[in-house]
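> After the sequence you'll find the predicted model.
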Amino acid sequence: MPQLSGSVQTVLGLIEPQQLGRTMTHEHLTMTFECCYFPPAPHEESMAEAPIEMKNLFWLKQNPYSSHENLLLNQEIDAVKEELLVYKQAGGGAIVENTTMGISRNVATLKRLAQETGVHIIAGAGFYVDITHSEETRKMTVEKLSDVIISEVLHGADGTDIRCGVIGEIGTSWPITDSEKRVLQATAHAQAQLGCPVIIHPGRNSAAPGAVVRILQEAGGDIGKTVMSHLDRTILDHGELLEFAKMGSYLEYDLFGTEMLNYPFNLKVDMPSDNQRVKTLTCLVAEGYEDKIVIAHDIHTKNRLTKYGGHGYSYILNSIVPKMLLRGITQSQVNKILIDNPREWLTFK
Ligand SMILES: CC(=O)NCCS(=O)(=O)O
């Protein structure tokens, strides 16, 4: 059994935390997102099967979940490899690859990408949202689910000996389903045993992050070692955000690069622009949360890749960091957000 305490577990094995460097804490390099296919408006029905072409790129930016082809990121390994080389060139050191069971995790591919690019890749253990749970998963007890998660961290995932270094993204819907609640409880049990980092995908409702944290807390989870993802589309009210921040998790803004008029999964949400995201980070820093912020792009569809006119994995390093500095976040605070906070979170207790 590897001695995990004090180390970070990548798909190539344990490393010293200082080796990570700048880290995107929520990305996908290979996955499928068919589970969240959203049919186009009736007058645009043909777009569902249309190939990705230059003339469709703006439509795809507005409707990324309404094109079947766009949901198959797992077909783009060569393009992703090229992008990782660019990311390394831009000063990137590591990527947390949050694909879990249910959205076509493939740790063997992650290992190959890490070997061929030199980027540290940390793979995710556990289960995505309820609609992707198998019948077998739904029938599992909390103890059995916890055994599965622990085994993915200690022994390997997807039938390999390639080990996960984080639990999540653990998927939850709104309201949280019974099966998701058991997975959350199992996550907390596994975290208590392993001292490992956890990352959560909350349901699309502002009450969801708090509800998840309460379940984890009651089951013995370590909230200070847990990242709450997708806050950009989940808690838009400043007061509500500060209330949630008090609960003690890491606060993740991970949809940098996603700007759309209508967010199809919750039309009440006005998806923020990247400038608004930076403004929110500035406010959180001013409120004293610089040690709790982490950021990423959460690339999960093809149109976000530079191959298809998207922003790619280096957008934060090349464009968002200068904007953060321009808006008064200091270089040392940027370093916390990109280097220190991910390192603290990813290091096993
Ligand atoms: C892969 C994933 O879960 N991304 C989040 C998409 S969402 O629209 O913010 O839920």
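Sure thing, it's come through.

> can you tell me the residue of the stretch 101-250 of the chain closest to the ligand?
At 4.5 Å from the ligand, residue 230 is the closest residue in the stretch 101-250 of the chain, using C-beta to the nearest ligand atom. Backbone N, C-alpha and C define where each C-beta goes, glycine included.

> burial of that residue, as a residue count?
Per other C-beta atoms under 10 Å, the neighbour tally for residue 230 reads 22.

> and it, backbone torsions?
The phi/psi pair for residue 230 (degrees, to the nearest 10) reads phi 50, psi 30.

> Test my guess that it contacts residue 205.
No: with contacts counted by C-beta atoms under 8 Å, residue 230 stays clear of residue 205, the gap being 11.4 Å.

> Looking at the backbone only, give me phi and psi for residue 198.
Dihedral angles for residue 198 - degrees, to the nearest 10 - are phi -130, psi 150.

> Please name the residues that touch it.
Contacts for residue 198 (C-beta atoms under 8 Å, 6 or more residues apart in numbering) come out as 166-168, 170, 187-188, 191, 216, 221-222, 225-227.

> Show me what from the stretch 151-300 of the chain comes close to the ligand.
201, 230, 233, 265, 298, 300 (C-beta under 6 Å from any ligand atom).

> you'd agree the third one is up against residue 271?
Right, residue 233. Yes: with contact defined as C-beta under 8 Å, residue 233 reaches residue 271; the gap is 6.0 Å.

> and those two? which has more neighbours close in?
It is residue 233, of residue 233 and residue 271, that has more neighbours when counted by other C-beta under 10 Å, with 20 against 17.

> In three-state terms, label the closest residue to the more buried one other than its chain neighbours for me.
Using C-beta to C-beta, 6 or more residues apart in numbering and skipping residues adjacent in sequence, the residue nearest residue 233 is residue 269, 5.4 Å away. Under DSSP: H, G, I helix; E, B strand; the rest coil, residue 269 falls in the coil class.

> Now for residue 269: which residues touch it?
Neighbour list for residue 269: 204, 233, 236, 263 [criterion: C-beta under 8 Å, 6+ apart].

> What of residue 79?
305-307 are the contacts of residue 79 under C-beta under 8 Å, 6+ apart.

> Ok, residue 165 next?
So residue 165 contacts 8-11, 122-123, 153, 196-197, 346 (C-beta under 8 Å, 6+ apart).

> Keep only those of those residues that are in strands.
Cross-referencing the contacts of residue 165 against strands under DSSP state E gives 8-10, 122-123.

> Nearest to residue 75 among these?
Closest to residue 75 out of the ones in strands among the contacts of residue 165 is residue 123 (19.5 Å), distances taken as C-beta to C-beta.

> Excluding covalently adjacent residues, which one is nearest to residue 182?
residue 142 (5.1 Å).

> Could you point out the helix or strand that follows the longest helix along the chain?
Taking DSSP state H as the criterion, the chain has its longest helix at helix 178-194. Using DSSP states H and E, the helix or strand that follows helix 178-194 in sequence is strand 198-201.

> what's the distance between the helix or strand following that following strand and the middle of its chain?
Sequence-wise, the next helix or strand downstream of strand 198-201 (DSSP H and E) is helix 208-218. Distance of helix 208-218 from the chain centroid (C-alpha atoms, centre = their mean, to the nearest Å) equals 18 Å.

> Which strand or helix spans the residue of the chain found nearest the ligand?
Nearest residue of the chain to the ligand: residue 300, at 3.9 Å (C-beta to the nearest ligand atom). Using DSSP H and E, residue 300 falls within no helix or strand.

> how near is the residue nearest to it when sequence neighbours are not counted to residue 158?
If the residues on either side of it in the chain are set aside, residue 300 comes closest to residue 28, at 4.7 Å by C-beta to C-beta, 6+ apart. Separation of residue 28 from residue 158 (C-beta to C-beta, to the nearest Å) stands at 15 Å.

> Residue 4 now?
The value you get for residue 4 to residue 158, if C-beta to C-beta is used, is 20 Å.
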